[in-house]
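Asks: okay, here's the prediction I keep looking at, along with the sequence it came from:
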Amino acid sequence: MTKFIVKENSYGHKKRIQFIINQIDKYIKENDINKDALEILDVGCGSGLLITLPLGQLGYNILGIDTDKISIDFANTNNIFEKVKFENIPIENIIKKYDIILACEILEHLERPIEFLRNLKSRLKDDGIIILTTPNGHGWSERESRLVNFIIKLPILKYVLKAIKKNVGNITLKENDRHIQTFSFQSIKILFDKSNFIIQEWQNGPLFGGPIIERTMAKIPGFKTLSNMLGNIVSSKYVLVWYFVLKNK
């Protein structure tokens, strides 16, 4: 079955899902836990196409939640796995605790990210982990997005550039889903510390990416591979996105 294979793009979505899978496998081995007993919560799962359903295809027990009903309805329509469930609820409605909580590209959309992290913490088992990803608020993609948002206001270019603003890969079907936080690598570490998490591990995402690059340079063979490789070797302050594994202090 290949229905939910994540293809690589300039945002590093394939690199991200591979990081998540590797960390889940590592957690299973280190904690000597049966895969069938592992419980995963995907917070802000969106349409489910990029993380929840690909993990379901690998046989994981996973609940995807999102506050956007349209995205959850879409996810449920596409769900073919007994071990995968989707619910249109906020994190506050979750009662049980999970081994692994996923929160991918969520923090940058929130007015009170520290409150969100504390909500995650209270739903995490003592020896559990959170796999969290968030974009560099000063990286290439953020700058591209600001440029596009400025240019698209010009009447002569409005319709030409409208397609560039569309979400990539059906991440969410929610309209006007914009970033309101711009984290630096230092500020995100401070946020984790204030939320009583320690960073167990992290990895850089790609170096280049964004709405313009996705539809131009990313079409060149080898560009995405090069961007991912460069992301692995440059300083974290320059990359597009960060992948973190968090544990309770």
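Replies: Thanks, I have the structure now. Numbering: from 1, shown residues only.
Asks: so residue 243: helix, strand or coil?
Replies: Secondary structure, DSSP: H, G, I helix; E, B strand; the rest coil: residue 243 is strand.
Asks: cool, and residue 95?
Replies: coil.
Asks: now it: how far from residue 112?
Replies: Using C-beta to C-beta, to the nearest Å, residue 95 is found at 21 Å from residue 112. Backbone N, C-alpha and C define where each C-beta goes, glycine included.
Asks: so for those two, which residue has more residues nearby?
Replies: residue 112 (10 against 6; other C-beta atoms under 10 Å).
Asks: quick check: that one vs residue 180, distance?
Replies: The value you get for residue 112 to residue 180, if C-beta to C-beta is used, is 11 Å.
Asks: do a quick rundown of the strands in this structure.
Replies: Listed in chain order, the strands of the chain (DSSP state E) span 39-43, 61-65, 84-87, 98-104, 124-135, 197-204, 241-248.
Asks: any buried residues in the shortest one, and which?
Replies: Pointing back at strand 84-87 there. 84, 85, 86 (16 or more other C-beta atoms under 10 Å).
Asks: identify the bridge partners of the residue most central in space within the chain.
Replies: For the chain, residue 104 is the residue whose C-alpha lies nearest the centre (C-alpha atoms, centre = their mean; 2.4 Å). Note on residue 104: beta-bridge partners residue 133, judged by DSSP bridges.
Asks: least trustworthy helix or strand in the protein by mean pLDDT?
Replies: helix 158-161 (a mean of 53; mean pLDDT, DSSP states H and E).
Asks: can I get the buried residues of strand 84-87 in CSV including distance to residue 211 and pLDDT?
Replies: Below are these laid out as CSV (distance: C-beta to C-beta, whole Å; pLDDT from 0 to 100):
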residue, distance to residue 211, pLDDT
84, 30, 98
85, 32, 98
86, 27, 98
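Asks: out of these, who's nearest residue 202?
Replies: For the buried residues of strand 84-87, the closest approach to residue 202 (C-beta to C-beta) belongs to residue 84, at 27.1 Å.
Asks: got the contact list for the residue nearest to that closest one when sequence neighbours are not counted?
Replies: Spatially, and ignoring its direct neighbours in sequence, residue 84 is nearest to residue 56 (3.6 Å; C-beta to C-beta, 6 or more residues apart in numbering). Residue 56 is in contact with 4, 62, 79, 81, 83, 84, counting by C-beta atoms under 8 Å, 6 or more residues apart in numbering.
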